[in-house]
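Trainee: Sequence plus predicted model, see below.
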Amino acid sequence: MSSEGPSVSMFAAFSWQFVRHAKTLINSPADVANPLLFFFMVITLFPLGLGPDPERLAAMAPGILWVVALLASLMVSSKLFASDFEDGSLEQLALAPYPLPILALGEIAAHWLATGGLLSLVSPIFGIMLGLPTQGLATLMFSLLLGSICLTLIGAVGSALTVSIRRGGLLLSLLIIPLNVPVLIFGTAAVNEAVIGGNAVSWLALLGGLALGALALMPIAIGAALRVSLDN
Amino acid sequence: MGSPPWFFRFSGRLVRWLLPLTVALLLVGAFWGLLVAPPDFRQGNSYRIIYIHVPAAVVALAGYYVMALAGAVSLIWRIKMADVTMRAAAPVGAVLTAIALVTGAVWGKPTWGTWWVWDARITSMLLLFFLYLGVVALFEAYENKTAAARACAVLSLIGTVNIPIIYKSVDWWYSLHQPASIKFTGESAIDSSMLYPLLLMIGAFYCLFALTVLLNMRAELLWRHRDSAWVQQLIGDA
Amino acid sequence: MTPLLSARGVAVERGDRPLLQNVSLSVFAGQVWQLVGANGMGKTSLLRALSGLARLGVTGDIQRHAPLLYLGHSAALKLSLTATENLRFHPACETSAQPGEIASALAAVNLRGYEGRPVSSLSAGQQRRVALARLVLSPAALWLLDEPFTALDAAGCDWLEHRVREHVAEQGAVVFTSHQASRFGGLQQDMDLSHHVV
C-alpha cells in the first residue's frame, strides 16, 4: 500500500489526457468532420447573400473567413468538457494528484489539433473559393493557426463555466464573443495586410503574443471554472 | 467586517448622507451642464448630452473593475460580502453602459446624421455591455447561487484582463478602416467652462453608482437572511 | 497514529440550503465506515466534501493524509474506448499500470477476454465492473465509494465485499454509502447522518 506521491510524472499525466481525448475523437470522426462541414457550408452562404461579384467577395474574404472560423470555434467549444462532465471523468480529473489546469490542457491540446488546427490547414481552400488573392493565403493559414489557439483557450474557459448548465451552448457564445474580438481584429488585419502586399508579421506577432498570454493565464481560469461547475 | 447585520447598519449610515449628496450633485451638475454652460462652437446645444453620456461611460467602465475586484476578494479570501457586492454591481454597471450607448446614439443623430456609428469608443462600449450581460446571464443560469457567484468572479476577472486588450484592438481596428475624411470623435480640447460641470457630473455618477450598489446589497442581505433573528427584529421595529 | 482522513465540525450546504452540521469523523487504517441516512439527507454531498470535490458550502476542518480513490455514481468511462484504454489513461492518473497488470485486474473482476472490447458493447453491470477494476490497480490507501453495490449482481457484490476486506486488512480504509443493509458486520462502523441533519 503506497502513500507516497503520484506514480507518474506530470508530463505523462498531461499526455495521457491528450491521448485519451485524441482516441475519443478518432473514434467519432463526425465530431471532427462536422465543424469543417459547418465552415464549408456557412462560407457558401456569403456569396448567396452578398452576390457573386468576385471583386466584392475578395475584398470581404478575410473578414468572412475569420468570422466563420470564430463561429465554428464557438460551436465546438460547447462540446469540449461536456462528455467529461456527464460521464464523471471531470470528477476524477479534479481529484487526480496533478494540477487540474495541466490535465485540462492535455484535452484542450487534442481538441485544438482536431478543430482549430485542422481548420487552419484547410482554410486556404476556402480562401480560394472566396477569391482571396494568392498572396493572402499563407497569412490566412498562419493567422488562423495562431488565432485558433486563443479561440480554443477562450472557448475552453466558456465551456468550463457553462458545462453544468442545461443548454449552456448559447450562454457560452454570449460569454466569449466579446473576449474573441481582439483575435478577430488582429487576424483580419494580418490577412488584409498580406493581401495588399504589405508585411503581416507584426500582426502575426500580436496574435502570437495573445496565444502565449492565453496559454499562460487561461489554464488557471479553466481549472477554477471546472471546479466551480463540479460544485453546481 | 463581513457580518451581515454589521454591514446593514454601516451601509444604512452611509446611505443616509450619500443619498442627499448624490441628489445634490446630480441636480447641480445637470443644471450647470444642461442650462448654464455655454453652447459648443460646432455642435450648438446638442453637445449637452455629454453631461450624461461621458459620466455614464466612465463609471460603467470603472464599475466593471469594482465588480471584478469584489469577485477577486470573494475568490481569494472567501468573503461572502464580496459576493454580494459583485452581484449588486453587475446590473448597475450594465444599465449605466446601456445609458451610455443610448445617449451616445442620441448625440450621434444631430451631430453626424445617424443613430449609430461604429467608431472606436462606441464599439468598445458595446463590447463592455456584452461583458456585463455575460456576467448577469451566467449568474442567472446557475442553480446553486454560491457556485454562481464563484463562476461570475472567474468570468469578470477574465474580463478585466481582456478589457484593455479589447479597447486597444478596437482602437487599432478603427484607425485601420477609418475613412480618410471623417473623424467621428475627435480629441478636441475642452474648455474649462464645460469641463467643470462635466467633472461634477462624473463625480455625481460615481456617487450614484455607490448609492445604487449599496441599496442593492441591503436588499439582497434582507432577502437572503429573511428568516434570521436580526432581520425579523428590523421588520418588527419598522 | 494519524488518521487517513479527519473531519471536525463539518457543515455541508447546497446553494444556500443547509444539509448537515457538526459532522466529525476520523478514519484510521484498517477501518470501514458506512454513511447511513435516507435519500436526500446529504450522504453523497458529505462524501464529495470529504473527498475534496465539493468545496463551496463546506465549512469545518477536513484533512486528508493519504492519497484517495473516489468512485462516484458515474463510472468515468469513455464508451468508445476499450476497457484497457479506459484503465490505462484513466483521468484519475493515479497509477502507471502496464497492460499486463490491467489484464489481470480485468480478470479479477471477471472480465477476462473483454480487454479489447469497446466499453459501449458491455452491459451496465460489466461497465460497473470495469470501473471497479481500479480498486485492484490503484495504490490509494483511502477509498471513498458512493453507492458501490448498486448495479452489481450478487457475484459482483460478493467480490466487492471480499476486495474491501482485503484492502482494510492491508491497512487501507474505506468510507462508503449504501442503501443496502450492513455487509461487514463487526468490521464496519456506522455514521448515522440523521443526527446531523439541520
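Mentor: Yep, that arrived. Residues are numbered from 1 along each chain as shown, chains lettered A, B, ... in the order given.
Trainee: rest of the way, CA atoms for contacts and neighbours
Mentor: Fine.
Trainee: Wasn't C:Ser24 part of a strand?
Mentor: Yes: under DSSP: H, G, I helix; E, B strand; the rest coil, C:Ser24 falls within a strand.
Trainee: Chain neighbours aside, what residue packs nearest to it?
Mentor: Distance criterion CA to CA, 6 or more residues apart in numbering or on different chains; nearest residue to C:Ser24, sequence neighbours excluded, is C:Arg8 at 4.3 Å.
Trainee: what's the pLDDT at A:Asp87?
Mentor: If you check A:Asp87, the pLDDT there is 91.
Trainee: distance of it from chain B?
Mentor: 20 Å (CA to the nearest CA, to the nearest Å).
Trainee: Just list the residues touching the residue nearest to C:Ser24, thanks.
Mentor: Neighbouring residues of C:Arg8 by CA atoms under 8 Å, 6 or more residues apart in numbering or on different chains: C:Asn22, C:Val23, C:Ser24, C:Leu25, C:Gly60, C:Asp61, C:Ile62.
Trainee: Over to A:Ser78?
Mentor: By CA under 8 Å, 6+ apart, the contact set of A:Ser78 is A:Gly155, A:Gly158, A:Ser159, A:Val163, A:Gly168, A:Gly169, A:Leu172.
Trainee: can you check A:Ser89 too?
Mentor: Contacts of A:Ser89 by CA under 8 Å, 6+ apart are C:Ala75, C:Ala76, C:Leu77, C:Pro91.
Trainee: before we move on, the earlier item: so which of the contacts of C:Arg8 is the closest to C:Leu53?
Mentor: For the contacts of C:Arg8, the residue nearest C:Leu53 by CA to CA is C:Ile62; the value is 12.1 Å.
Trainee: SS state for the closest one?
Mentor: C:Ile62 is classified as strand under three-state DSSP.
Trainee: Settle this for me: A:Leu206 is touching A:Leu184, isn't it.
Mentor: No: applying CA atoms under 8 Å as the test, A:Leu206 and A:Leu184 come out as separate, 11.6 Å apart.
Trainee: In terms of packing, which of these two has more residues around it?
Mentor: A:Leu184 (25 against 19; other CA atoms under 10 Å in any protein chain shown).
Trainee: Now do the same contact list for the more buried one.
Mentor: A:Trp66, A:Val67, A:Leu70, A:Gly147.
Trainee: burial count for the last one?
Mentor: This means A:Gly147. As a burial measure, A:Gly147 scores 29 neighbours (other CA under 10 Å).
Trainee: now swap in the second one and tell me
Mentor: The criterion is other CA under 10 Å. On that basis, A:Val67 has 18 neighbouring residues.
Trainee: Narrow the contacts of A:Leu184 to those in helices?
Mentor: Judged by DSSP state H, the subset of those located in helices is A:Trp66, A:Val67, A:Leu70, A:Gly147.
Trainee: Hmm, A:Pro182 and the last one touching each other?
Mentor: Same thing as A:Gly147. No: if you go by CA under 8 Å, A:Gly147 and A:Pro182 don't touch, sitting 9.7 Å apart.
Trainee: so what does the longest helix out of those in chain A touch, helix or strand wise?
Mentor: As assigned by DSSP H, the longest helix anywhere in chain A is helix A:201-230. Judged by 3 or more CA pairs under 8 Å, 6 or more residues apart in numbering or on different chains; DSSP states H and E, helix A:201-230 is in contact with helix A:89-95, helix A:100-112, helix A:137-162, helix A:169-195, helix B:145-177.
Trainee: and the second one with helix A:201-230, angle?
Mentor: I take that to be helix A:100-112. 120 degrees (axes from the mean of the first three to the mean of the last three CA atoms, to 10 degrees).
Trainee: And the residue positioned nearest the centre of chain B, which helix or strand is it part of?
Mentor: Central residue of chain B (CA atoms, centre = their mean): B:Ala60, 2.8 Å from the mean position. Per DSSP states H and E, B:Ala60 falls inside helix B:50-77.
Trainee: touching chain A at all, that helix?
Mentor: No: Helix B:50-77 lies apart from chain A when judged by CA under 8 Å from any CA of the partner chain; the minimum separation is 9.6 Å.
Trainee: That helix packs against which elements?
Mentor: If contacts are counted by 3+ CA pairs under 8 Å, 6+ apart, helix B:50-77 sits against helix B:80-112, helix B:120-141, helix B:145-177, helix B:192-224.
Trainee: quick one: the third one near chain C?
Mentor: Yes: against chain C, helix B:145-177 shows contacts by CA under 8 Å from any CA at B:Lys145, B:Thr146, B:Ala147.
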